[in-house]
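Engineer: Whatever this is, show me its structure:
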Amino acid sequence: MKKKITSIILVLSLLASVLMFSGCEISVSNGKSAYEIAVEHGFTGTEEEWLESLKASGTGSNTTLEGDIIINTDGSGAEYAANKGLMSAVSIYTHFQRTVSYGGIFGRPGSSSTYDYYSAGSGVIYKLDKATGSAYIITNYHVVYDVNSNTSNKISNDIKVYLYGMESDKYAISAKYIGGSMTYDIAVLYVENSDILKNACVAEVTVADSDEIIVGQNAIAVGNPEALGLSATCGIVSVSSEYIQMTAPDNATTVTLRVVRIDTAVNGGNSGGGLYDSKGNLIGIVNAKIVSDGVENISYAIPSNVAIGIADNIIFYCDGEENQNVQRAIIGISVEPSNVKTVINEKTGLLEIIETVSVTTVNSGSLADGVIKTGDIIKSVTIGGTTKEVTRRHMVIDMMLKAREGDVIEFVVLRGGEEKTVSITITKDCLTSY
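Structural biologist: Reported below is the predicted structural model:
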């Protein structure tokens with residue numbers, strides 16, 4: 001599991017307990033007042049007018065200023081985000097069995113023994129029906145999979161989840177595996193008719209658009225590090241979107257994952273747990289970190305748009321029995337950024353990357369053949385009434401996770417200097433298991 005000279009590992013706990021301490025402090029200090037910074041970014045007016053503008057723009061009447069630190073007390077900040085995250089968090093414990101054979105040389109009969117082992121991870125309550133005590137839970141695929149398991153699909157058939165503050169045996173909730181993808185490292189569990197869920201202080205997660213992640217924003221991880229119970233750590237987003245390669249949990253397949261890079265402390269057991277912004281909205285699912293001498297605080301999370309796209313796909317197509325795989329629409333095009341630039345967003349005053357996304361190939365006989373042309377610049381994609389303005393290559397790829405059999409996908413493309421709208425209808429034949 002190499003990336004250059006470093007090793008990227010999945011953050012799964014095998015129930016080996018190691019105590020680690022981490023602290024979290026949020027502040028902004030650069031020797032200038034917040035008002036002076038606002039003026040540098042184009043604000044015109046007095047300091048009193050600027051304070052009023054904060055209230056008008058939604059920063060909130062409970063916002064106070066302490067020197068050059070803006071303190072939010074109206075439902076944002078690390079404290080609020082961590083507690084909101086804990087309400088939708090679960091710790092996950094998986095039980096596996098493995099049979100080992102030995103002996104049997106020189107014609108002698110061999111023997112075997114079966115033993116039990118466990119691992120721990122985290123999860124996020126995605127869809128919740130408190131009245132029935134039912135919920136869908138998102139986690140990492142590698143949390144519930146083990147290559148040595150006796151089960152036919154290598155998935156644990158004995159999965160227990162626990163809520164925050166209720167992590168003892170009498171509050172164990174049995175969960176069923178619905179489906180997942182090793183390629184994307186996302187799995188979905190289902191809990192049904194749980195009295196604990198009916199009566200507990202829990203809520204389904206609020207999901208943010210991960211395409212709006214900004215470098216430097218808060219990144220708060222809630223998970224089950226080293227199987228010590230649910231807890232929170234705090235850091236920032238280091239890179240809003242990048243790709244990493246690593247060995248999948250089958251120890252054979254190499255997968256490429258699009259991830260958010262963070263400096264938030266994560267450890268074994270954080271896998272599958274939520275990564276939250278300062279308002280407690282989900283921006284990712286924690287899954288990996290770099291372990292190497294000289295490397296500190298480089299961890300990764302699967303962006304929320306990918307994780308939710310996969311989860312919705314699983315909930316739609318999988319039943320936990322006959323089908324347990326993601327069904328992704330392949331329409332037969334390849335896209336690449338033909339031009340990349342960094343600009344300052346006029347609304348935020350912050351940097352963002354803008355790509356011109358061009359079609360590089362169209363496969364003969366595919367759904368896109370004769371509809372989309374090589375050289376087309378994709379401006380937007382619309383599926384099921386949801387439109388995504390395309391400013392990064394991955395947006396086109398991520399949107400395909402939303403496509404279902406029978407859906408009509410509309411592309412606005414720039415062709416020969418003229419915008420055109422073209423449509424493709426998704427068929428069963430274009431769906432591929434991942």
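Engineer: Spell out the residue ranges of the helices in the stretch 51-200 of the chain.
Structural biologist: 78-87, 141-144, 195-199 (DSSP state H, counting those that start in this stretch).
Engineer: okay, those helices in TSV with mean neighbour count, mean pLDDT and distance to Leu401 next?
Structural biologist: Any C-beta I mention is one placed from the backbone N, CA and C, and that applies to glycine too. Below are the helices of the stretch 51-200 of the chain laid out as TSV (neighbours: other C-beta atoms under 10 Å; pLDDT from 0 to 100; distance: least, C-beta to C-beta, whole Å):
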stretch	mean neighbour count	mean pLDDT	distance to Leu401
helix 78-87	20	92	24
helix 141-144	28	97	15
helix 195-199	15	96	27
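Engineer: Between the ones you listed, which one is closest to Leu12.
Structural biologist: Leu12 lies closest, by C-beta to C-beta, to one member of these: helix 141-144, at 5.7 Å.
Engineer: Go through this protein and flag its longest helix.
Structural biologist: Criterion DSSP state H: the longest helix present in the chain is helix 304-317.
Engineer: Skip ahead from that one and say which helix or strand is next.
Structural biologist: The helix or strand immediately downstream of helix 304-317 is strand 327-329, counting by DSSP states H and E.
Engineer: Identify the residues contacting Tyr404.
Structural biologist: Tyr isn't right for residue 404; it's Arg. Phe316, Ala329, Gly384, Ile426 (C-beta atoms under 8 Å, 6 or more residues apart in numbering).
Engineer: Show me where the stretch 251-400 of the chain has its strands.
Structural biologist: 254-262, 274-276, 282-291, 299-303, 327-329, 333-344, 351-362, 377-383, 386-389 (DSSP state E, counting those that start in this stretch).
Engineer: Export the ones you listed to JSON lines and append columns for mean neighbour count, distance to Ala82 and mean pLDDT.
Structural biologist: Formatted as JSON lines, the entries for these read as follows, by neighbours: other C-beta atoms under 10 Å; distance: least, C-beta to C-beta, whole Å; pLDDT from 0 to 100:
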{"stretch": "strand 254-262", "mean neighbour count": "19", "distance to Ala82": "15", "mean pLDDT": "96"}
{"stretch": "strand 274-276", "mean neighbour count": "34", "distance to Ala82": "8", "mean pLDDT": "98"}
{"stretch": "strand 282-291", "mean neighbour count": "26", "distance to Ala82": "13", "mean pLDDT": "94"}
{"stretch": "strand 299-303", "mean neighbour count": "27", "distance to Ala82": "16", "mean pLDDT": "97"}
{"stretch": "strand 327-329", "mean neighbour count": "21", "distance to Ala82": "34", "mean pLDDT": "94"}
{"stretch": "strand 333-344", "mean neighbour count": "13", "distance to Ala82": "31", "mean pLDDT": "96"}
{"stretch": "strand 351-362", "mean neighbour count": "17", "distance to Ala82": "27", "mean pLDDT": "96"}
{"stretch": "strand 377-383", "mean neighbour count": "19", "distance to Ala82": "34", "mean pLDDT": "97"}
{"stretch": "strand 386-389", "mean neighbour count": "13", "distance to Ala82": "30", "mean pLDDT": "96"}
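Engineer: Relative to Val412, which of these is closest?
Structural biologist: Nearest of the strands of the stretch 251-400 of the chain to Val412, taken as C-beta to C-beta: strand 377-383 at 4.4 Å.
Engineer: what angle do that closest one and strand 333-344 make?
Structural biologist: 110 degrees (axes from the mean of the first three to the mean of the last three C-alpha atoms, to 10 degrees).
Engineer: Run through who's touching strand 377-383.
Structural biologist: Contacts of strand 377-383 (C-beta under 8 Å, 6+ apart): 335, 338, 356-359, 387-390, 395-396, 399, 402-403, 407, 409-415, 419.
Engineer: how about 10 Å then?
Structural biologist: 329, 333, 335, 338-339, 356-359, 372, 387-391, 393, 395-396, 398-404, 407-415, 417, 419-421, 423, 426 (C-beta atoms under 10 Å, 6 or more residues apart in numbering).
Engineer: what angle sits between it and strand 351-362?
Structural biologist: 90 degrees.
Engineer: Settle this for me: Gly309 is touching Met395, isn't it.
Structural biologist: No. Contact criterion C-beta atoms under 10 Å: Gly309 and Met395 do not qualify, at 11.2 Å.
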